[in-house]
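Student: Structural data only, the sequence is not supplied:
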C-alpha cells in the first residue's frame, strides 16, 4: 500500500514537471509550428543557474528561482532569434536541427561552467522525509506539485483572460489574421519562446533537489516531456497537462512493479497509444478540407 | 550568397585540422578516457592522476632523457569512439604505450588491437576482471592494470560482510558493471556458503529506488551490497531513508564517488567501501592531494583513490620504460611484468606482476573504509 | 550522351574502390570504413526523409536490429557472415513494416514521437533483454567480414565495404529516378493529389520506411562486424539524431547529399576529437549554422551554385489538334458515348456532424458529354466531387462507375478505376518539373515492378521511355511542351491549372472531374480551356465540370445540375437553367 502511495506522489511530482515543459512545447508549437528540441538543456541550465544562486551566492530560494527563470527566458529570446526566426520562412523541419544545435552548445557551456559532476541541490524545505500513510515523501515533492499546479492554472487564466494571452491565442490560430488585427506577431512569437523556456527553467529548478543537478540531466527529462506533450496532444494545453501527469504516474507505477521494464514499457505504450489515437489522447479530431 | 561560400570553405578547412600529427621529440603515451558524457568525472580523475605523474617525471628530466608526451583522446564513454581513438593513437600517432580507459566495455573492445600490435597497455580505472585475463594464456600478455579489479574488490567485501551480517542482500545496476558484479558476488558468497537473501536490480539514472529497497527490507537484510556507480549509490541512500530502512550499505570503491560525498552525513554514515588509499595515508598521498587541490579540484570532496591508482599506473609504465631501455613494446611489456619493489602511493609492492597475475592490487592490498561525518575513515577489522 | 555519363560514373566508381589501396594507415582505413557505413544509413534515410519528407528520429533502432541480428547469428550461432547479414536485412525489413503501421497514421511532431519512441524502445529492449542481447555488456567475438572464407586484410576489408556502399548508392539512385521516386516526392508535396492520381500514399510510405530500415540494418550489421563487438549503449537516441543530421546537413533529396554528409560528419568527429573541451560547441554550432546558412544542405547549396537556371520557356499557342492517343484508347474501352451513363449517383447524402453538406443528390453523367454542376458558395459542389473521388465517405446513398459501386473505396483505387480530377487549390507538385508532374499520373498504369526498377533491367527502362513519350504527348496537347523541364513552381497560374488537367489525363480517366478550372484564368486562357474540354468530350470522355464562370458552363455543357444548400434545385439544358426562377433566386437571394 505505501508503495502505491509513494509511486503516486512521486509520479505526480515528476508528472507536474513534464506538464510544465510540455505546455512550453505546446505554446511554441501553436504559434510557430515548431518547438525547442533542446528544451531539456534549457531545463538543465535553469537548474544549474538556480543552484548557483542558491548555493554559491546564498540568495533566497525564491530569488534563485526567479533568476533561473529570467536567465533562461532570455535564452529563449536568443533561441528564437538565432534558430527559429532565420528559418521561419523555410518550410520543412530545419528547426529540429537548429534547436538541437543550440541545446548542444548550451550543454558544452554548462560543462565548462559547472563541470561534469552530479551536484546535490539541498532542498529549501529540508530533506527530512514526511510520512503519509506509511509512505515516505519529500517536502520538495509536495512543493513541486503545488507550484506546478499554481503556475499551470495561472497560465491558463493568463491565456484566457488577459489581452496578451488572447493575442497569443490569436497568433496561434491564424498568424495572418492576427497580424491584420494589429497584433505584433513577431513579439508574440518571441514571447511564446520566452515563456516556454522560462517554464522549462522553473521545472528544472524545482525538480533539481529531487534528482540532483548536472549537465546531463536535461536530455532524459526533455524527451519524456516531449513524450507527454505528444501523448496528450501537443496542440492542446490541457492535453499537455494531462499527458504529463499521466506519463509521470504511469512511469512510477510501472517502476514500482517491474523497475527494469519501466522505460521500455513507457515507450512501447506510447507507440500503441499513438497508433490508436494519432494526434494524442485529448486532441480534437481534425477533418482536412480538400 | 557570399556568406554561404565562405561558410562551406570554412567547413572544409575545419575538417582538415588535426589530421596532421604534430611531430614532437619525446615519448608518446596514448590516453583514452571519457572527458564528456556519463563517465566524465572519473575520466578527469584518471587524466589528472596521469598528468601529475607526467609532470613529476618530466621535471626530473623525463624517461631515457626524453620528455613524456601524453596524447589524450576523449572516448565519451562510447565503444566505437574508443576503438577509433585507439586506432588513431596506434596507427597515426604511433604511441609507445596506452593508458586508460574508464569503461570496462571499451577496454575489452580495443584490447585486441593493442595485443595484436604489441603495445603495452595499463588500465588505471576500468575494473572488469576479465580485461587482464583476455590474453593470459598467450605467450605475452600486453594488458596490465593498476585499478582495483572487480574480483579482488568482491573478495574483500564479501570476506568482511559474511562475518558481520546475518542476511545479505544485493542491489545491482543493469549495466555490465552491475551484472558482472552480481555474478562475482553470488559466486564468492557461495564460496563462503552464503546465499543472498534478496537480489534487486535498477537502472542507471534512476532516482527512486524505494520499490527495490522495499523488497530488501521485506527480506530482512541487515547488510546490503550495492554494486553501481556513485550517483545511484547516493540515490539508494536517500531512498532508504524514505522507507525508513537502515541496513549497512557496502560495496566497491564507487562508494567514494563525489555524489556519495555530497549526501547529508546522516545518510552516508556507516556506509562502507573498498579503497586503495586515501589522501591522508602517507606523505606521497598528501603531496599528490596538494597538487590536486592546487590545479584541479580547488574545493569539495573528490575520491582520492582514483587519482592514486592512475598515478601508480603511470609510474609503473614510466618505470618499466626506463628499465626496458628502449621504446620497443615487447621490451617494455617484459619490464612491466618483472617490476620489483614498486613504490606505490601508500605502500611498496614487492613483485606485483607475474605471468599469471597482471593486477597491481590483490584483495589483500585493498582495505575497507567507512563514511563518518562526510569523510572516509579506514576500517580496522 | 547516356553512355558518356555511364562511363563517367563507372570511372568514378572504380576510383572510389581503388581509394583504400592507396592508404596504408589502418586508422585512415578505419575512417573510410566508417564513412561508408554511415553513407549506407544516410542513403536509406534520405529516401525516407528527403523523398517522402517523413522525418524519422528513431533509425538507430533499425541499425541496432541489423547489428544484433548479424552479431547473434555469427557470434552465438556460428553462422557464416553472409548469412548473418542476410538475416539482418530480413529482420530490419520486418521491423520497418512494424513501425510503418503506427507511424503512417500520424504526422508532424506525432510522427517524430512515434519514431523516437521506437528507437528508444529498441534501445531499452536491448538493454533489458540481457539473455538475448547481453545488454550493456554486449556481444564479443563478432567475426569480421570474410570473402569466401578468406580472411580480409584491412585494405581489402575497406574495399568490400566501399563496394557495398556503392551498390547501395546505385540502387538508391535508380529508385529515386524511377516512378517510385516520383511517387515518394509526390506524396511529400501533396498526399491529396497523389491519391487522386492512383498513388497509394499508404503503400508508398510503407515502402519508403522499409527501404530505409533495410539500409540502416545493413549498415548496423557491417558496423558490428567491423568493431567485432556491440553493446546496448551504442544505439541511443543521440545516434538517431546524428543519422538525421547527416542527411539534413548533406542535403536531403539529392543523391550527393548522403555522400557529403557522411564524409563531412565522420571527418568532423574524428578530426576534432582533440578539442574535447569545446567539440560540442563546434558540433552544435555546425548544426545551427548549416541550417540557417545552408538550409538545403551542402549538396543543395552546391547544386544551386553550379547549376544554370533552366532556359525560360514560353508556352506555345499552338496545340496538337488531338488529345493523346492513349487517352482516347482508354476512353473507347468504356461504354459508348450517349448510351448509358458512366456515373450514377443515387440519393447521396453527406453529413458533417450537424451540418448537411449534400442531401439526397441524384446525378448521372454520360460519356461524350460535359455535365455542369453549379451553385452558390457552400452549396456542396466540392463536397460532391470529394464524395465521387473518395476523399469523403457518403453518409447515405450509392455511387456507381460503369455499374460498379465505388462509394467507400479508397481514393487511389477509385482513381485507378477511371476517375481523374483537378483541385480548386491546384495542388501541383511544386518541386518537380512539369514533365515529372505528368509522369506521376502514370504511376498506377504500366510501370515496372520494384526489383526490375532497382536493377534497371531493359524492361524497366523501356517502360520508363514509354512513360516519357506519353507524358510529352499530354504536354503537347496542352501546349506546355516547351515548359517540360521547368520546375512547376515557376509556372503561371493559368499554366498550373493546365498542368493539373494534364496530370489527371495521364491516368487515362473515363470520367474527368474539373473543380473550378477557370478560377483565376484570363480570357484567352478560358478559351483554350473550353477548347480542351470540348476535344476531350469529343473523344468520348465524360466530364463533370464544377464552375462559377457562367459563360464557360453555358457554352460547353450539355446538361447542368444546380445545387443550393446541398440539394438539387434544378437540372436540365443550359437555356432552361438560365431562365429558371429558383436558380436566379439562389444566386441573388
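Tutor: Thanks, I have the structure now. No experiment lies behind these values; they were computed from the predicted model shown.
Student: which sections of the stretch 251-400 of chain C are below the confidence cut-off?
Tutor: Applying pLDDT under 70 to the stretch 251-400 of chain C flags the ranges C:253-254, C:273-274, C:308-321, C:335, C:338.
Student: Which parts of it are helices?
Tutor: C:256-271, C:279-293, C:297-306, C:325-333, C:381-389 (DSSP state H, counting those that start in this stretch).
Student: so of those, which one's packed in deepest?
Tutor: Of those, the one with the most neighbours on average (mean count of other C-beta atoms under 10 Å in any protein chain shown) is helix C:381-389, at a mean of 24. Where you see a C-beta, it was placed from the backbone N, CA and C, and this is true even at glycine.
Student: tell me what that helix is packed against?
Tutor: strand C:343-352, strand C:355-365, strand C:370-374, helix C:411-417, strand C:419-421, strand C:511-515, strand C:542-546 (3 or more C-beta pairs under 8 Å, 6 or more residues apart in numbering or on different chains; DSSP states H and E).
Student: I'd like these written out as JSON lines, with distance to residue C:111 added.
Tutor: Shown next, in JSON lines, are these (distance: least, C-beta to C-beta, whole Å):
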{"stretch": "strand C:343-352", "distance to residue C:111": "26"}
{"stretch": "strand C:355-365", "distance to residue C:111": "30"}
{"stretch": "strand C:370-374", "distance to residue C:111": "37"}
{"stretch": "helix C:411-417", "distance to residue C:111": "21"}
{"stretch": "strand C:419-421", "distance to residue C:111": "27"}
{"stretch": "strand C:511-515", "distance to residue C:111": "29"}
{"stretch": "strand C:542-546", "distance to residue C:111": "34"}
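Student: what about these, which gets the closest to chain A?
Tutor: strand C:343-352 (7.0 Å; C-beta to the nearest C-beta).
Student: Run a quick neighbour tally on residue 163.
Tutor: The chain I'm using is chain A. 8 (other C-beta atoms under 10 Å in any protein chain shown).
Student: ah, I was thinking of chain C
Tutor: Around residue C:163 there are 14 residues (other C-beta under 10 Å).
Student: need the contact list for it.
Tutor: residue C:17 (C-beta atoms under 8 Å, 6 or more residues apart in numbering or on different chains).
Student: Phi first, then psi, for it.
Tutor: For residue C:163, the backbone dihedrals (degrees, to the nearest 10) come out as phi -60, psi -40.
Student: tell me the contacts of residue 55?
Tutor: I went with chain A, as the question did not name one. When the contact criterion is C-beta under 8 Å, 6+ apart, the partners of residue A:55 are A:121-122.
Student: Switch to chain C, please.
Tutor: Residue C:55 neighbours (C-beta under 8 Å, 6+ apart): A:93, A:96, C:49, C:111-112, C:115, C:244.
Student: wait, which of these is closest to chain B?
Tutor: For these, the nearest to chain B is residue C:244 (18.2 Å; C-beta to the nearest C-beta).
Student: Quick check: that closest one touching residue C:49?
Tutor: Yes: Residue C:244 is in contact with residue C:49 according to C-beta atoms under 8 Å; the separation is 6.8 Å.
Student: so what's in contact with those two at the same time?
Tutor: Joint contacts of residue C:244 and residue C:49 (C-beta under 8 Å, 6+ apart) are C:55-56.
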